[in-house]
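Undergrad: Compute the structure for the input listed below.
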Amino acid sequence: MPTVLTLLAEGFEEIEATAPIDLLRRAGVEVTVAALGESLDVPGRNGITQKADVTLASVLAEPTRTFDCLFLPGGPGVKSLRADPRVKPLVLAQNAANRWIAAICAAPTVLHDAGLLNGRRYTAHFSVENELTAILASERVVVDGNVITSRGAGTALEFGLMLVEKLVSAEKSREVAASICL
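TA: Numbering: from 1, shown residues only. Purely as a prediction, here's the structure:
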């Protein structure tokens with residue numbers, strides 16, 4: 001069974017986190033939601049609190065534990081992801097192992113900070129286009145190598161289904177899409 005580590009920082013965009021997590025779990029993927037802070041209760045940007053499974057500290061306490069995909073939701077919480085000294089090494093290790101890295105909305109800035117967007121095709125939310133000058137604004141989801149990026153809350157379903165396709169299969173992605181009447 002494929003595994004995904006989702007990082008939740010206070011102020012995460014609820015749709016961008018919840019929709020992909022839901023779709024991945026429907027497809028049988030084991031998703032571990034890790035709170036960036038010490039509390040498992042993580043408030044989103046719109047006041048919806050999501051309960052994480054674990055803290056990032058507890059995940060990092062198991063250095064041999066790996067995940068097939070690292071998933072970074074967007075929203076104002078991306079500022080915390082960028083500022084946390086544990087996140088960049090996690091992104092770099094995931095990339096070095098050629099495992100999937102998924103980022104939506106403003107979260108591709110975390111990949112930019114790690115130097116992973118140089119020479120890659122990617123998309124992101126228009127709010128970060130001054131920083132990420134090569135955003136493919138007409139593309140809703142972009143896959144380049146082991147990196148999957150998406151525009152924002154309005155593309156969260158397509159993004160989640162692409163994660164299912166890459167981690168499980170195109171057939172499972174179509175099956176999950178049909179089950180939610182997409």
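Undergrad: hey, let's count contacts and neighbours off CA atoms from now on
TA: Noted.
Undergrad: And the helix or strand where Asn95 lies, how far out from the chain middle?
TA: Element membership for Asn95 (DSSP states H and E) is helix 87-96. Centroid displacement of helix 87-96 relative to its chain, using Cα atoms, centre = their mean, to the nearest Å, is 13 Å.
Undergrad: Tell me the buried residues in that helix?
TA: 87-88, 91-92, 94-95 (16 or more other Cα atoms under 10 Å).
Undergrad: cool, and stretch 2-12?
TA: Quick answer for stretch 2-12 (16+ other Cα under 10 Å): 3-12.
Undergrad: As a check, name the ranges of all strands in the protein.
TA: 3-8, 30-35, 41-43, 49-51, 54-55, 69-72, 100-104, 141-144, 147-150 (DSSP state E).
Undergrad: Now render those strands as TSV, adding mean pLDDT and distance to Val128.
TA: TSV is the format used below for those (pLDDT from 0 to 100; distance: least, Cα to Cα, whole Å):
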stretch	mean pLDDT	distance to Val128
strand 3-8	98	19
strand 30-35	98	24
strand 41-43	98	22
strand 49-51	98	25
strand 54-55	98	27
strand 69-72	98	15
strand 100-104	98	12
strand 141-144	98	16
strand 147-150	98	13
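Undergrad: any chance of those strands in CSV, with distance to Met162 too?
TA: Compiled in CSV, these are given as follows (distance: least, Cα to Cα, whole Å):
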stretch, distance to Met162
strand 3-8, 13
strand 30-35, 15
strand 41-43, 25
strand 49-51, 23
strand 54-55, 25
strand 69-72, 12
strand 100-104, 10
strand 141-144, 8
strand 147-150, 8
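Undergrad: between those, which one is nearest to Gly115?
TA: strand 147-150 (12.3 Å; Cα to Cα).
Undergrad: Which pLDDT does the model give Pro63?
TA: We note a pLDDT of 87 for Pro63 in this prediction.
Undergrad: Now for it: which residues touch it?
TA: Under the criterion of Cα atoms under 8 Å, 6 or more residues apart in numbering, Pro63 has no neighbours.
Undergrad: Can you give me the distance of Leu7 to Gln50?
TA: For Leu7, the distance to Gln50 equals 12 Å [Cα to Cα, to the nearest Å].
Undergrad: cool, Ala124 as well?
TA: 23 Å.
Undergrad: again, but for Ile104
TA: 18 Å.
Undergrad: The two: which has the busier surroundings?
TA: More neighbours surround Ile104 than the other of Ile104 and Gln50, with 29 against 19 (other Cα atoms under 10 Å).
Undergrad: My guess is that one contacts Val143. True?
TA: No. The pair formed by Ile104 and Val143 falls short of the contact definition of Cα atoms under 8 Å, at 11.8 Å.
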